[in-house]
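Undergrad: sequence unavailable; structure follows:
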């Protein structure tokens, strides 16, 4: 009787092989180690399905290890022959047993190869993360569809349907975990992604161990593939993993954890549990994670702890309120605004003249006492000494801002408005940065001034239109000069290029004509010497060359004088 479910097993086997290949290809593009775990899981699923297909075929009976009538020498020879030994080993275990051992060993080998690889948890951009998560979700949906189909098959029709259902649920959850790992890497959470990877490896290892420790059972005269593995029963008995684990615990312990008695035990344990959680929460204050752009200082009962500062990473110290950790962004570039306070107005900004940058702008008095100017600047700095930044000054940010204002006043106090607006900005900002750095070092603020940028310097709003007209005229003059120079630079080189090209062409033509004349003269001299050496032979050869040239590509017949001498006759008819 033909097996109606052999085609189903074949389709699932093809799907498992395709899933393993697709996971490997996706890992080569996205480089997520969890995809390797999924590829190994699909490979194990393909091996198990192949074993199920073998178990549904007629099995050959196992043979004895060594018949009694076989001589000992022949038995030893067969053992030494690897092919014969392997064939006998397969016959002893049966086809299904050999497949079980091969699948378990192959899975362990794949896990070892994966373990030797150095896993990387590099952050993913949004496009590969979404693409990888979508691929994992599609795979999980297909697996869930197969699980739904297998769940509807009675065990009497397909004995392995329930076991395949449990395995499919675990595989679907592994695909969901791979999709979650994509989001974790996009969110730059490598620790959580490492947890997902470790869980997937443990599941694959448990499946391999279960296969190697299981033995095929006999059913209706056939060996059955051992799919009732412990990890699959614990995680795949129900669609909800937590409920499945709970059911497995109830089966192992013989206790209904959902009963009233269990709830009473939980209620009695609630107070100790709350105390334990509070204690754990208090002890967790002894753990501090310093970011990659930070360093930290430790204060014990308000007194700074001497020694090296805390570098990026996880650190253990006394819990609160004994120790207090102050994290400072020493590797981050910070900025202080100079010239105004509050948020700048949105929209386009005129960085030269009378557009206000914020609601509260400061006006500086220039050297002649009649001009006012407003400066929009910013100081970019980095904390170089965290202890000095924390303890040398009570308000280091305000002190640095005051130093920046003093540098601006020193730069503009002895200049008129025209001089201040026309001065080279690069030179001015470099001078002000040096002033700020020098004053900050004198106060011991422990900062490194990286740059001093001036976004705009403009006069009062009432005279802004006049200044804009003057600047526009200056810009027009400069534009006309630049355009004239551009026209000159565009025209003169073109004319020079044309003249140089004509001269070079004439020289080349002259050299060509001179070379041709020299060659012809040399040829004539050679021909003259040949003629003088043997005039008749020269004329004969020239005659032949002329005939050869004239008769080229034409049909002709040559008649020798010996034709008539030997008795031949030639009749020429018009």
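TA: Sure, I can see it. Note that the structure is a prediction, hence the values are computed from the model and not measured. Numbers count the residues shown, from 1 in each chain.

Undergrad: show me the strands in the stretch 351-500 of the chain, by range?
TA: 360-361, 363-365, 372-383, 447-458 (DSSP state E, counting those that start in this stretch).

Undergrad: residue 21: how many residues sit nearby?
TA: 13 (other Cβ atoms under 10 Å). No exception for glycine: its C-beta is placed from N, CA and C like everyone else's.

Undergrad: with residue 532 instead?
TA: Residue 532 has 9 nearby residues by other Cβ under 10 Å.

Undergrad: tell me how far it lies from residue 192.
TA: Between residue 532 and residue 192 the computed distance is 103 Å (Cβ to Cβ, to the nearest Å).

Undergrad: so is residue 558 in a helix, a strand, or just coil?
TA: Of the three states, residue 558 takes coil according to DSSP: H, G, I helix; E, B strand; the rest coil.

Undergrad: now swap in residue 324 and tell me
TA: Per three-state DSSP, residue 324 ends up strand.

Undergrad: so what's it up against?
TA: 298, 299, 300, 302 (Cβ atoms under 8 Å, 6 or more residues apart in numbering).

Undergrad: now for the residues you listed, which pair is the farthest apart?
TA: 298 and 302 (11.3 Å; Cβ to Cβ).

Undergrad: okay, these two: which has more neighbours?
TA: Each of residue 298 and residue 302 has its neighbours counted (other Cβ under 10 Å); residue 298 has more, 19 against 7.

Undergrad: so which bits of stretch 538-558 are buried?
TA: Residues of stretch 538-558 classed as buried: residue 538 (neighbour count, 16 or more other Cβ atoms under 10 Å).

Undergrad: what mean pLDDT does it have?
TA: Mean pLDDT, stretch 538-558: 79.

Undergrad: which residues touch the most centrally placed residue in the chain?
TA: Centroid check for the chain by Cα atoms, centre = their mean gives residue 124 as the closest residue, at 5.9 Å. Counting by Cβ under 8 Å, 6+ apart, residue 124 touches 30, 32, 132, 182, 185, 186.

Undergrad: wait, a strand at it?
TA: No: with three-state DSSP as the criterion, residue 124 is assigned coil and is not in a strand.

Undergrad: how far away is it from residue 35?
TA: 12 Å.

Undergrad: strands along this protein, start to end?
TA: Secondary structure of the chain (DSSP state E): strands located at 217-219, 222-224, 287-290, 295-300, 303-304, 313-316, 323-328, 334-338, 340-341, 360-361, 363-365, 372-383, 447-458.

Undergrad: what residues sit buried inside the fourth one?
TA: Right, strand 295-300. 295, 296, 297, 298.

Undergrad: summarise which helices and strands it is packed against.
TA: Counting contacts by 3 or more Cβ pairs under 8 Å, 6 or more residues apart in numbering; DSSP states H and E, strand 295-300 is packed against strand 323-328, helix 386-391.

Undergrad: if we can go back for a sec, what's the closest of the buried residues of strand 295-300 to residue 176?
TA: For the buried residues of strand 295-300, the nearest to residue 176 is residue 296 (37.4 Å; Cβ to Cβ).

Undergrad: look up the residues forming beta bridges with that closest one.
TA: Per DSSP bridges, the residues bridged to residue 296 are residue 310, residue 327.

Undergrad: that concludes my questions; thank you for your assistance.
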